[in-house]
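Peer 1: Sequence below, structure please.
(one chain, ligands or ions: 1)
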Amino acid sequence: MAWQGSTRRSRLPKNWPTIRRRVLRRDKGVCQTRFSDGQLCGAVATDVDHIVPGDDHSVANLRALCGWCHARKSASEGGTAAARTRVRTERPKPTHPALED
Ligand SMILES: [Zn+2]
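Peer 2: The predicted structure follows:
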């Protein structure tokens with residue numbers, strides 16, 4: 001599995017809780033994922049994600065994500081192309097015109 005820990009760095013700075021809080025506040029506690037159609041996820045953010053994975057813990061490299069988007073991103077960083085393809089199938093479908101009043 002991709003969870004061996006050898007390639008995945010998790011060295012967080014001592015003031016990570018402060019940084020994390022700052023990012024969540026900056027992003028208004030809302031998930032910053034933008035889907036391929038340009039729509040913002042907008043779910044309640046529970047996680048703070050490194051935009052570029054690594055040791056850059058500056059707020060410019062961080063963003064608030066909901067748990068679902070973070071898990072999905074982590075999965076795609078693990079190299080599973082399936083995680084990326086799934087985005088397309090899970091997009092909300094438009095209501096069928098025949099069902100609208
Ligand atoms: Zn999200």
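
Peer 1: which non-adjacent residue is nearest residue 19?
Peer 2: Once flanking residues are discounted, residue 19 sits nearest to residue 57: 6.0 Å by C-beta to C-beta, 6 or more residues apart in numbering. No exception for glycine: its C-beta is placed from N, CA and C like everyone else's.

Peer 1: Tell me how far the one you found lies from the ion.
Peer 2: Relative to the ion, residue 57 is positioned 21 Å away (C-beta to the ion, to the nearest Å).

Peer 1: so what's that residue up against?
Peer 2: Contact analysis of residue 57 by C-beta atoms under 8 Å, 6 or more residues apart in numbering lists 12-13, 16, 19, 50.

Peer 1: pLDDT weak spots in the protein?
Peer 2: Segments of the chain classed as low confidence (criterion: pLDDT under 70) are 1-10, 79-101.

Peer 1: got the residues of it near the ion?
Peer 2: 31, 33, 41, 43, 66, 69 (C-beta under 5 Å from the ion).

Peer 1: okay, the residues you listed in a markdown table with neighbour count and secondary structure next?
Peer 2: Listed next are the residues of the chain next to the ion as a markdown table, based on neighbours: other C-beta atoms under 10 Å; DSSP: H, G, I helix; E, B strand; the rest coil:
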| residue | neighbour count | secondary structure |
| --- | --- | --- |
| 31 | 23 | coil |
| 33 | 22 | coil |
| 41 | 17 | coil |
| 43 | 16 | coil |
| 66 | 20 | coil |
| 69 | 22 | helix |
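
Peer 1: Could you verify my assumption that residue 45 touches residue 27?
Peer 2: Yes - taking contact to mean C-beta atoms under 8 Å, the distance of 6.2 Å between residue 45 and residue 27 places them in contact.

Peer 1: quick one: which of those two has more around it?
Peer 2: residue 45 (24 against 17; other C-beta atoms under 10 Å).

Peer 1: Got the phi and psi for that one?
Peer 2: Note on residue 45: backbone dihedrals following degrees, to the nearest 10 are phi -80, psi 130.

Peer 1: The nearest residue to it once chain neighbours are set aside sits in which helix or strand?
Peer 2: Nearest in space to residue 45, with sequence neighbours left out and distances taken as C-beta to C-beta, 6+ apart, is residue 64 at 3.5 Å. Mapping residue 64 onto the secondary structure by DSSP states H and E places it in strand 62-65.
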